[in-house]
Every structure is written in C-alpha cells, then in structure tokens.
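K.L.:
Need coordinates for the following:
(one chain, ligands or ions: 1)
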Amino acid sequence: MTARVDGPDKVTGRARYACERPAERAAYVWAVPAAIARGTIRSVDASQALALPGVLAVITPDNAPRLPGTGDQELALFQSREVAYRGQFVAAAVAQTLETARDAASRVVVSYEPAPHDVTLTAGHPGLYKPEFVNPRQQTDTATGDFDAAYATAAVRVDATYTTPAEHNHPMEPHATIAQWHGDTLTLHDATQGPSRAAGQVAAVLGLGPGQVRVIAEHVGGGFGAKGMPRANVILAAMAARITGRPVKCAVTRAQMAAVTGHRAPSIQRVRLGAGPDGRLTAVGHDVIGQTSTLKEFTEQSAVATRHMYAAPHRRTTHRVVRLDVPTPSWMRAPGECPGMFALESAMDELAQRCGLDPVELRLRNEPSVHPETGQPFSSRNLAACLREGAARFGWAGRDPAPGVRRAGRWLGGTGVAASTYPARAAASQARASVSAAGRYQVRIAAADIGTGARTALTAVAAEALGVTAADVELRIGDSALPPAMIAGGSMGTASWSWAVIKACRALREAIRARDGAVPPGGLTVHADTAPDVAALPGRARYTFGAQFAEVRVDADTGEVRVPRLLGVFAAGRIVAPAQARSQLIGGMTMGLSMALHEESTMDPQFGDYLHHDLAGYHIAAHADVLGLEAVCLAEDEPELGPAGAKGIGEVGIVGTAAAIANAVHHATGIRVRDLPIRLDKLLRRNP
Ligand code: MOS
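P.N.:
All right, here's what the predicted structure looks like:
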C-alpha cells in the first residue's frame, strides 16, 4: 500500500492552485482578444479604460516593454501589430480588482486593418508542405521497401481516409499565473506541467539569466499537454507585474482557452494496407495532413505508430502541414499516437473484415519480431499478451460475419477491438536526498503533480530505495528551485523522476552505510543526475502496448451510442503506484471515449474562430456516458529504462479507444464512421 500524501489537502480544500494563493496588494490583468482572424492593428485607444477608477495600466503594442528573447512567437506578447488568429491577445488591462480589469479590457478600442483569412484545412490545400520534422523532433517521412509496387499487387487491399477534428484539452483548472518581481528576479506561481522547463523558457523570453525566474506549481488541476509549455498568460502576468510593481494574477478564462492554450490539430489521414489472403501485411502506407499556425510550426506526428505496430516488408509514412490563420496547435494527450491509431486501427478492422479474419487474430498474425523500420529489438513487446488476456477477460467471441444482427429491441449490439501503444522514454533529471541527525528523510526534485498522484508514486519509490516507510520520507516537488527535472509529459514523468530519486536515495543509503549509520549533526545530503545514465541507454525500440475492447449498443431509431463496457489491458512495465496507475489509465480511456463520441472543435470559416467557447458547446464525456470501465496491467518489467522498471501510463490509455468504439459501432450497425466524432446524425444518415 502506498500513502495518498496529498489527498486530504485536496478533499478539504487546503491545497491551493496557482491563482488561489493569497498575494498582498495583488492586481489583476484581463486580456483583450483579437477581433479579427488576420490583419494589422491600426491603433489602440485606451483612454476610456484608463479613465475607470482602479485601473493601473493598459498594455498595448504601443507601450509594451520589448521582449528580447522571442523565438516562440506565441510568447512574443504585444511585440507586433500583426494579428495571426482570432482571440490572440492584442492588449490587456491591469486593475486593482478582477472586475475592474475585465470592465477596462472591454473598453479598450482596437481598430484593425483586416486581411482575408484562411482557416480551413483541406486535403488538397495548395499551402501544404513537408515540415523539417514532426513533434517532438521525429522524422517527417519514412520508407522501407517499395510500398507502391507491393500495394499494387497485394491480394487484399484497404484504402481509406479517416479524419479527426480539432480538439481542446480543457483541464478543470484553466491556465493561471501569479507573477511577482523582487528586484530583477521573478517568482511565478503557475499552473504548469514542468517548473524547470517553464522557468528556463520564461527567462529566455524576458532576457533573464537562468537563476532569475522561479516557477512554483504546488498543485495543478490537469494539463494533458496544454500546460507542458508556458502560454501567453505567463508572459502577460510577468509584464503586468513589472509595469505596476505589484503581484499580478492572470487567469485564462474558459472562453479564452479555445484560442490561446493550444489545440489538437485536425487530421486527414489516408491509410493503405495490402495483405495476402491470410491477412499477413505486405504493404503499409499512412499519409497524414494537418495544420499549424502562421506564428509557429507544430506538426502532429500521427503516422509514427504505424512505423512499429505491424510487420510488413514495404512501408511508407508521410506528414504534410499547412500554415493557416488559426491558433498554434499543440500537445494534447498522446499527440500523434492518439489520432494516428484511430486511423490505423480502424483500417486493421476493415482489413480483418475483408480477409474474413477475427480482428484479434489479424493483429496476432502481424506481430513484428524487431522494429520493422530500424531493425532494433524491442525492449519488451507484449501486445499479443494484452490481446489474449483482453479477449479472455472480455469474453471476446470472435466475429460473426453479418453486422446489424445482434438486436435487442431498439438497440443494436456490437463489440470492437483495437491495439494501443505509446513510446516508453525517460529524460535526464536531478534529485537531492538528505537525512537529518534525527533520522528524517527529505527528497527534492522539480517534478510536477498535475493530478496524477506523482507525489504518492515518488514517495513510494524513495521509501523503497531508502529501505524505510513512506511516512519517514518528506517529498518536495513543484518548484524550479529544486533539482531540475523532466516535465510531467510524454508519459515520461515517473520513469524520469523515479530514476533520479532512486539514484539519489541509493547513494544516500550508501553514504549512511559507509558511516556505519552514524549521521553527523548537520545531516547528510547527496545529489544525483541521470544525464549520463540516460545518454548511455542501449538502442532499443521501447514502447508501452495495450489492447482496448469495447462493447456498444446503438439506438436504431436515434443513432445514440452507449458504451456499456470498455476494457483496456496494458503492458506498461512495472506499476509503481497501482491505484494511481489505474486512475490514469481509465482517465485516458474516458478521454478516448469522449473523443470517439463527443469532442469536436468546429471552426467557423467566416469569422475564423473555434465556435465552442465553453463546456456547454464543447462536449466532453460526463459520468453518465461512462458505464463499465476496467483497466488491467500485465506483469512486465522494463529492465533498462531506469531502476523503477516503469514505462509510462499517462497517455497510452487514450490510444486506440476511439478505434475500438468505432469498430464496435461498425459491428453493431454495418456503418463505418471514418470521421470522428461518431455523432448521431452520421449513423442515421447512412442507416441502411
Ligand atoms: Mo502530454 S500531451 O506529453 O502532456
């Protein structure tokens, strides 16, 4: 059993999130969003705003301090008069109260020279180009063998295009920051997934040294990638605090989040599968089209999982992207793998149908023995075990040939399966472990708990490495003043942090042993850095794998889809904190269900804006949508990726879920929905 070290704080409300912290003489800043999708700011008239009592400043492109380090144009706040997308922050009002700041912001008169905008992603867009790399820095295109020839001569072929819409993360806690200057040093209480990285990035934008920015993130109310990097609100808070000489609170509103905190780029994905009559793949092709902004390039890497999922001698994957007048897309839980595996795993289901094979059997038949492109051995690859275990637990009955025959009253029943995967990686991190003469242990690392239970997991691994109980260990995280660490992202938190924590704790234990247990009056402290260990990792293909099984029922009259059962079986290395891991996995699966049936950010082509500015318009799965949900982890040990033996579980839960549900909907209705989400109208329109 592991202790829930911050649970009581959260349920009693003692835990404070960034903007909730009391700050003396705090001022508030409210941003003015651009009212056009593209063009130039002609002038800004702040006189009415400044006339309001309690207004401290109005920041505009005319008077904003110059920012020296603005490589990231999303953070180059008020440095240009060009508008790149509707909703971009173009000015801001600072006042003594939040209400006054909001009122003042509404009185700032911005006049624009509008220009025609283009916000519509199409497969034939003339602006499509090949980016130098795809997120985070992976190869844009890959090719092995001769895809075209092999596909042309394949006995069985699938050629289908799948689309996914833009989606928004919408964590419960919106992005929020308190900024306070002490001379030339800046302290930020910020809702971030990574205090160390945020401090470095903010320092770079403001032209400060690495030690001049401190970022504290004690509790964070979700992130999913949206809080993996500082957003405009952080720079705005810092700027307003500088100008007013006061601490400044800046909370992004739910409505503003649609524009300024990133979105998952919509995708248009063509998948081609060529196979023999026995279902063995000979050719795999995956061509992805996506969008980025004019400010910054971000290419969602949706074809990357297709590079390692299934054996085939001939393979090609490509990514193309177009710069549109939209906000910059960004990280959203399992960027790449999540939309990409909707396409690949739907196509595998279509192939199974064409070959007359059980889709579980089809996947088992195409297991590669080594990475199909690089030839590297897998550190562990237990997809087959996940599929078999899942089929047994789910009561998977194979496939009856005719869809639409399992009917109970108005409800059509069906089941579906899809595979899941996510890279298993670790990044260099540092940690400090100390013991006092009184025998109290303290472990420090700039990790972040974004609601995942990181404190619980790290306290458990520290206690185990020290050979003491969790109650003997005081863990401090969430502060860039602590030893620098990887962000809570890329499903790399636990593997990266536990590596540094265990290394420090083992060294401390060794130091205590070397003194025969005699701790000097001043205590003992050791520092660990995993940079050399991570650099020395042997070359392996390292992935978490999983299998997702879904049961659906579809109302034949209304098209309503219910999901009575979802089962995910995962091989994710050693599970460090089982209760927290289960929560992460069922959370990811819930988000996958939400993606399958509800989530969609609709772009208004005329105004150039994502339409949904609240959670009434942007639909996410509610409790009533989630019925039976089960996540199971197989026993697995990852021997090289750090001493905890852990892989990652933050993202794999969302991967494949939407395909499993779409495949089940097809099984139930005979209707193949290739464009997410599976709205009611899509089932009714095509109902035979
Ligand atoms: Mo995750 S999208 O790397 O926070």
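
K.L.:
helix, strand or coil for the closest residue to the ligand within the stretch 151-300 of the chain?
P.N.:
Closest residue of the stretch 151-300 of the chain to the ligand, Cβ to the nearest ligand atom: G225 (2.5 Å). Where you see a C-beta, it was placed from the backbone N, CA and C, and this is true even at glycine. Classification of G225 using DSSP: H, G, I helix; E, B strand; the rest coil returns coil.

K.L.:
Surely it is in contact with C338?
P.N.:
No: assessed by Cβ atoms under 8 Å, G225 is found out of contact with C338, at 10.3 Å.

K.L.:
thinking again about what came up before, next up, the contacts around the residue nearest to the residue of the stretch 151-300 of the chain closest to the ligand when sequence neighbours are not counted.
P.N.:
For G225, ignoring the flanking residues on the chain, the nearest one in space by Cβ to Cβ, 6 or more residues apart in numbering is W331 at 2.9 Å. Counting by Cβ atoms under 8 Å, 6 or more residues apart in numbering, W331 touches 135, 224-226, 228-229, 262, 489.

K.L.:
thinking again about what came up before, for G225 and C338, work out which one has more neighbours and name it.
P.N.:
Using other Cβ atoms under 10 Å as the criterion, G225 and C338 rank with C338 on top: 30 against 24.

K.L.:
what helices or strands is the helix or strand hosting that one leaning on?
P.N.:
Element membership for C338, per DSSP states H and E: helix 337-355. Here helix 337-355 touches strand 156-164, strand 267-275, strand 281-293, helix 359-365, strand 411-423, helix 578-597, helix 657-669, going by 3 or more Cβ pairs under 8 Å, 6 or more residues apart in numbering; DSSP states H and E.

K.L.:
Rounded mean pLDDT for that helix, please.
P.N.:
Summarised as a single mean, pLDDT over helix 337-355 is 98.

K.L.:
I'd like to know how many residues surround G573.
P.N.:
Using other Cβ under 10 Å, G573 has 27 other residues around it.

K.L.:
Need phi/psi at it.
P.N.:
Dihedral pair for G573: phi 80, psi -160, per degrees, to the nearest 10.

K.L.:
tell me, what's touching G225 and C338 both at once?
P.N.:
With contacts defined as Cβ under 8 Å, 6+ apart, the residues shared by G225 and C338 are M332.

K.L.:
now the residue nearest to G225, what's its secondary structure?
P.N.:
Three-state assignment for W331 (three-state DSSP): coil.

K.L.:
measure the nearest residue to D555 once chain neighbours are set aside to H598 for me?
P.N.:
If the residues on either side of it in the chain are set aside, D555 comes closest to R410, at 5.4 Å by Cβ to Cβ, 6+ apart. According to Cβ to Cβ, to the nearest Å, R410 and H598 sit 21 Å apart.

K.L.:
quick check, A179 in a strand?
P.N.:
Yes: under three-state DSSP, A179 falls within a strand.

K.L.:
Now do the contacts for the nearest residue to I235 once chain neighbours are set aside.
P.N.:
Once flanking residues are discounted, I235 sits nearest to L77: 4.7 Å by Cβ to Cβ, 6+ apart. Contacts for L77 (Cβ under 8 Å, 6+ apart) come out as 64, 67, 89, 232, 235-236, 239.

K.L.:
what's the burial count for the single nearest residue of the stretch 351-500 of the chain relative to the ligand?
P.N.:
At 3.3 Å from the ligand, G489 is the closest residue in the stretch 351-500 of the chain, using Cβ to the nearest ligand atom. When neighbours are counted by other Cβ under 10 Å, G489 registers 26.

K.L.:
Spit out the contact partners of it.
P.N.:
Going by Cβ under 8 Å, 6+ apart, G489 touches 193-194, 223, 225, 228, 331, 650.

K.L.:
Kindly reformat those as TSV and extend each row with pLDDT.
P.N.:
Listed next are the contacts of G489 as TSV, based on pLDDT from 0 to 100:
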residue	pLDDT
Q193	98
G194	98
G223	97
G225	98
G228	98
W331	98
G650	96
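
K.L.:
Get me the contact residues on this structure for the ligand.
P.N.:
Residues of the chain lying close to the ligand by Cβ under 6 Å from any ligand atom are 193, 223-225, 228, 331-333, 335, 489-490.

K.L.:
Buried subset of those residues, written for ChimeraX?
P.N.:
In ChimeraX syntax, the buried subset of the residues of the chain next to the ligand is picked out as below (16 or more other Cβ atoms under 10 Å):
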select :193,223,224,225,228,331,332,333,335,489,490
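
K.L.:
SS state for I502?
P.N.:
Applying three-state DSSP: I502 is helix.

K.L.:
my guess is it meets A646, correct?
P.N.:
No: the pair I502 / A646 is not scored as a contact, 10.5 Å apart, by Cβ under 8 Å.

K.L.:
So for the two, which sits in the more crowded spot?
P.N.:
Higher neighbour count among I502 and A646: A646, with 31 against 23, using other Cβ under 10 Å.

K.L.:
what's near enough to touch the residue nearest to the more buried one when sequence neighbours are not counted?
P.N.:
Spatial nearest neighbour of A646, chain neighbours left out: G573 (4.6 Å); criterion: Cβ to Cβ, 6+ apart. Contact analysis of G573 by Cβ under 8 Å, 6+ apart lists 380, 424, 495, 544, 636-638, 641, 644-648.

K.L.:
Closest one of those residues to the ligand?
P.N.:
G648 (9.5 Å).

K.L.:
mind listing the strands in the stretch 551-688 of the chain by residue range?
P.N.:
Listed in chain order, the strands of the stretch 551-688 of the chain (DSSP state E, counting those that start in this stretch) span 561-571, 603-604, 609-610, 628-633.

K.L.:
Next, count neighbours for G568.
P.N.:
29.

K.L.:
Can you give me every residue that contacts it?
P.N.:
G568 sits next to 390, 420, 546-549, 585-586, 589, 630-632, 653, 657 when contact means Cβ under 8 Å, 6+ apart.

K.L.:
Please apply the same query to A204.
P.N.:
By Cβ under 8 Å, 6+ apart, A204 lies in contact with 69, 71.

K.L.:
Repeat that for the one 4 residues further on.
P.N.:
For L208, the set of contacting residues under the criterion of Cβ under 8 Å, 6+ apart consists of 184-186, 202.

K.L.:
Show me just the buried residues among those residues.
P.N.:
Among those, the ones that count as buried by 16+ other Cβ under 10 Å are 186, 202.

K.L.:
can you put the contacts of L208 in JSON lines and add pLDDT and distance to R565?
P.N.:
JSON lines is the format used below for these (pLDDT from 0 to 100; distance: Cβ to Cβ, whole Å):
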{"residue": "D184", "pLDDT": "97", "distance to R565": "58"}
{"residue": "T185", "pLDDT": "98", "distance to R565": "54"}
{"residue": "L186", "pLDDT": "98", "distance to R565": "50"}
{"residue": "V202", "pLDDT": "98", "distance to R565": "45"}
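
K.L.:
Take the contacts of L208 and lay them out in TSV including secondary structure and distance to L611.
P.N.:
Shown next, in TSV, are those (DSSP: H, G, I helix; E, B strand; the rest coil; distance: Cβ to Cβ, whole Å):
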residue	secondary structure	distance to L611
D184	coil	43
T185	strand	42
L186	strand	36
V202	helix	32
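
K.L.:
which one of the contacts of L208 is nearest G274?
P.N.:
Using Cβ to Cβ, V202 comes nearest to G274 of these, at 49.6 Å.

K.L.:
Which strand residues bridge the residue nearest to the closest one when sequence neighbours are not counted?
P.N.:
Once flanking residues are discounted, V202 sits nearest to V213: 5.0 Å by Cβ to Cβ, 6+ apart. Beta-bridge pairing for V213 (DSSP bridges): L186.
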